[in-house]
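No sequence on hand, only this structure:
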């Protein structure tokens, strides 16, 4: 079925230029290069790349180029497991963890645990499938210089140690022969971006990188806000963020990757009172499928779902300890010998059963 370009989420001025140049349907642009589109339509390089990215996404099964039944879409989603956070309570309200194939934004003030959660996910995504994990690789885009190698080593050692305690059958014993701190570090592809130009360039090259590495199941950008913190032209920033959001959603859907971004908080006035809200504006708030808010309540760290089409709003308590991102310590029950490590990975057990 031919899809008209007028139905796409594009800048109205760009749509007019496309129609005037003779392009009416997405099929008309499938084999057009950015340079040709610039010359034919008089659009900028960024606008040409954005148009072609949206067209390619709409031509895939998820984007709408082919007709799928609801059952086929469900089977496609169930083909890949969610990525556990090692906080059983957070995994529970997320119905298993962060979903593969969708985008999740983690917001919060400095020091609350956003980067710690990202580092934890970079390790957790590599848990072998026989233990209920995804068994994938990760691309970690660091825009703030906050990637701490020793912290990753500590988290990896804790996860390897925990999986070794869960080993029960021969398949799991075989998996543990290659699941180590060294193998985890080898499957983390680290990219350092210093500004928004480098970030957009990396995302432009990312589809080819993913094509050659089909085991990648997680893309982390920590953070999205930092490269866009100083922009005099707010309309340009909005347009760039709009294209960035569309590209991240396309990457998640086309390559079956969980995309996780972090965002800062900023102050907004409402009447005579000020409130902390996620940075980058309201339009950016619609870019991700799920938004998590990490925040303080006194001395307690809380994680809240405050935007999701498939989850109810909920708050859970968590902590950051030497092993990584975990459930908050609970008072020990009488006659209970269950350790905190056992509690934190209950979602792994239920996934593998």
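Noted; the coordinates are in hand. Only a predicted model underlies this, so the values are computations on that prediction, with no experimental measurement involved.

any idea which element the residue nearest to residue 207 when sequence neighbours are not counted lies in?
In space, and not counting its chain neighbours, residue 207 is closest to residue 251: 6.9 Å by Cβ to Cβ, 6 or more residues apart in numbering. To be clear about C-beta, it is placed using only N, CA and C from the backbone, and glycine gets the same treatment. Per DSSP states H and E, residue 251 falls inside helix 234-255.

before we move on, back to that, got the contact list for the residue nearest to residue 207?
When contacts are counted by Cβ atoms under 8 Å, 6 or more residues apart in numbering, residue 251 touches 203, 206-207, 210, 219, 257, 259.

Check the residues you listed and tell me the two furthest apart.
Using Cβ to Cβ, the pair of these lying farthest apart is 207 and 259, separated by 12.9 Å.

and these two? which has more neighbours close in?
Each of residue 207 and residue 259 has its neighbours counted (other Cβ atoms under 10 Å); residue 259 has more, 26 against 15.

Correct me if wrong, but the more buried one is in a strand.
Yes - per DSSP: H, G, I helix; E, B strand; the rest coil, residue 259 lies within a strand segment.

Let me know the distance separating it from residue 266.
As judged by Cβ to Cβ, to the nearest Å, residue 259 and residue 266 stand 22 Å apart.

next one: residue 209
32 Å.

can you list the weak-confidence ranges in this protein?
1-2, 59-68, 72-80, 330-353 (pLDDT under 70).

the domain parsing of it - what is it?
1-79, 80-352 (automatic domain parsing).

deepest of the ones you listed, which one?
Neighbour counts (mean count of other Cβ atoms under 10 Å) averaged over each of these peak at domain 80-352, with a mean of 18.

Measure how far that domain is from the centre of its chain, please.
Relative to its parent chain, domain 80-352 has a centroid offset of 7 Å by Cα atoms, centre = their mean, to the nearest Å.

all helices for the stretch 51-200 of the chain, in order.
Remark: helices assigned in the stretch 51-200 of the chain by DSSP state H, counting those that start in this stretch are 70-78, 88-93, 114-124, 149-166, 170-176, 181-186, 196-212.

Show me the one of these that comes nearest residue 21.
Comparing the helices of the stretch 51-200 of the chain by their distance to residue 21 (Cβ to Cβ), the top pick is helix 196-212, with 22.7 Å.

hmm, who's touching whatever helix or strand comes next after the closest one?
Per DSSP H and E, helix 196-212 leads on to strand 216-222 as the next helix or strand towards the C-terminus. Strand 216-222 has contacts (Cβ under 8 Å, 6+ apart) with 80, 83, 100, 114-115, 118, 121-122, 125, 134, 136-144, 146-147, 189, 199, 206, 210, 248, 251-252, 255-262.

So what angle separates the directions of strand 216-222 and helix 234-255?
Angle of strand 216-222 versus helix 234-255, following axes from the mean of the first three to the mean of the last three Cα atoms, to 10 degrees, is 160 degrees.

what's the angle between strand 216-222 and helix 114-124?
170 degrees.

Direction included, what does strand 216-222 pair against?
In the sheet, strand 216-222 lines up against strand 137-142 (parallel), strand 258-263 (parallel) (DSSP bridges).

Throw those into CSV and include distance to residue 50, thanks.
CSV is the format used below for those (distance: least, Cβ to Cβ, whole Å):
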stretch, distance to residue 50
strand 137-142, 19
strand 258-263, 17
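
Ok, which of the ones you listed comes nearest residue 171?
Here strand 137-142 is closest among the strands paired with strand 216-222 (Cβ to Cβ), at 20.5 Å.

who touches the closest one?
Outside strand 137-142, the residues that touch it by Cβ under 8 Å, 6+ apart are 118, 121-122, 125-126, 147, 187-193, 199, 202, 206, 209, 213, 215-222.

Between its first and last residues, how far does stretch 271-288 reach?
28 Å (Cα to Cα, to the nearest Å).

List of residues touching it?
Counting by Cβ under 8 Å, 6+ apart, residues outside stretch 271-288 touching it are 103-105, 107, 109, 224-225, 228, 238, 241-242, 244-246, 248-249, 259, 261, 263-269, 291, 293, 307.

looking at the strands paired with strand 216-222, which is closest to residue 177?
Among these, the nearest to residue 177 by Cβ to Cβ is strand 137-142 (18.6 Å).

quick check: angle from the closest one to helix 196-212?
170 degrees.

Hey, what's the angle from strand 137-142 to helix 149-166? Just curious.
Using the same axes, to 10 degrees: strand 137-142 against helix 149-166 is 150 degrees.

what about the nearest residue to residue 102 once chain neighbours are set aside, distance to residue 111?
With Cβ to Cβ, 6+ apart as the criterion, residue 102 has its nearest non-adjacent residue at 4.2 Å, and that residue is residue 289. Residue 289 sits 26 Å away from residue 111, going by Cβ to Cβ.

Which residues are in contact with the residue nearest to residue 42 when sequence neighbours are not counted?
The spatial neighbour of residue 42 that comes closest, neighbours along the chain excluded (Cβ to Cβ, 6+ apart), is residue 17 at 5.9 Å. Going by Cβ under 8 Å, 6+ apart, residue 17 touches 41-43.

Where does residue 17 fall, secondary structure wise?
Counting by DSSP H and E, residue 17 is part of helix 12-20.

which is the next helix or strand following that helix?
Taking DSSP H and E, what comes next after helix 12-20 is helix 34-41.

quick check, distance from that following helix to the centre of its chain.
When distances are taken as Cα atoms, centre = their mean, helix 34-41 is centred 31 Å away from the chain's centroid.
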